[in-house]
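Colleague: Fold the stuff below for me.
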Amino acid sequence: MDKQNFFNDMQAKISQVLENSPAKDIEKNVKAMMSQGFSKLDLVTREEFDIQAQVLAKTRAKLEALEARVAALETPQKDA
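Modeller: Numbers count the residues shown, from 1 in each chain. Alright, predicted model coming up:
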């Protein structure tokens, strides 16, 4: 028996034992409790965070461009 088959067999047996044990119910209950607790907090998903970070980066770039334009307009121009 090679290592890969051994590990696959062990994983299958462990999964079968866990499915037939109270550990599966405990896992479900813990996940439900954690979800309920997290829902009370003011949290965002990673996806929402990444989207807002992109929006912020674009906003910063636009602000810098506008600041440069204002600075250019405020600079006294010599008449040619």
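Colleague: rest of the way, CA atoms for contacts and neighbours
Modeller: Noted.
Colleague: so how far is the helix or strand hosting residue 12 from its chain's centroid?
Modeller: Under the criterion DSSP states H and E, the helix or strand holding residue 12 is helix 3-19. If you compare the mean C-alpha spot of helix 3-19 with that of the full chain, they lie 31 Å apart, counting by Cα atoms, centre = their mean, to the nearest Å.
Colleague: For it, give me every contacting residue.
Modeller: With contacts defined as Cα atoms under 8 Å, 6 or more residues apart in numbering, helix 3-19 is touched by residue 24.
Colleague: Please enumerate residues in contact with the next helix or strand after that helix?
Modeller: Later in the chain than helix 3-19, the nearest helix or strand by DSSP H and E is helix 22-40. Among residues not part of helix 22-40, those counted as contacts by Cα under 8 Å, 6+ apart are residue 18.
Colleague: so how far is helix 22-40 off the chain centroid?
Modeller: Distance, stretch centre to chain centre, for helix 22-40: 20 Å (Cα atoms, centre = their mean).
Colleague: let's number from 745 now, not from 1
Modeller: Right, with 745 as the first residue, what we last looked at is helix 766-784.
Colleague: just the angle between it and helix 747-763, please?
Modeller: Between the axis of helix 766-784 and that of helix 747-763 there is an angle of 80 degrees, by axes from the mean of the first three to the mean of the last three Cα atoms, to 10 degrees.
Colleague: Show me what the following helix or strand past helix 766-784 is packed against.
Modeller: Next helix or strand after helix 766-784 toward the C-terminus (DSSP H and E): helix 790-818. Using 3 or more Cα pairs under 8 Å, 6 or more residues apart in numbering; DSSP states H and E as the contact test, no helix or strand touches helix 790-818.
Colleague: Quick one: mean pLDDT for helix 790-818?
Modeller: Averaged across helix 790-818, the pLDDT comes to 96.
Colleague: List the buried residues for that helix?
Modeller: Judged by neighbour count using 16 or more other Cα atoms under 10 Å, helix 790-818 contains no buried positions.
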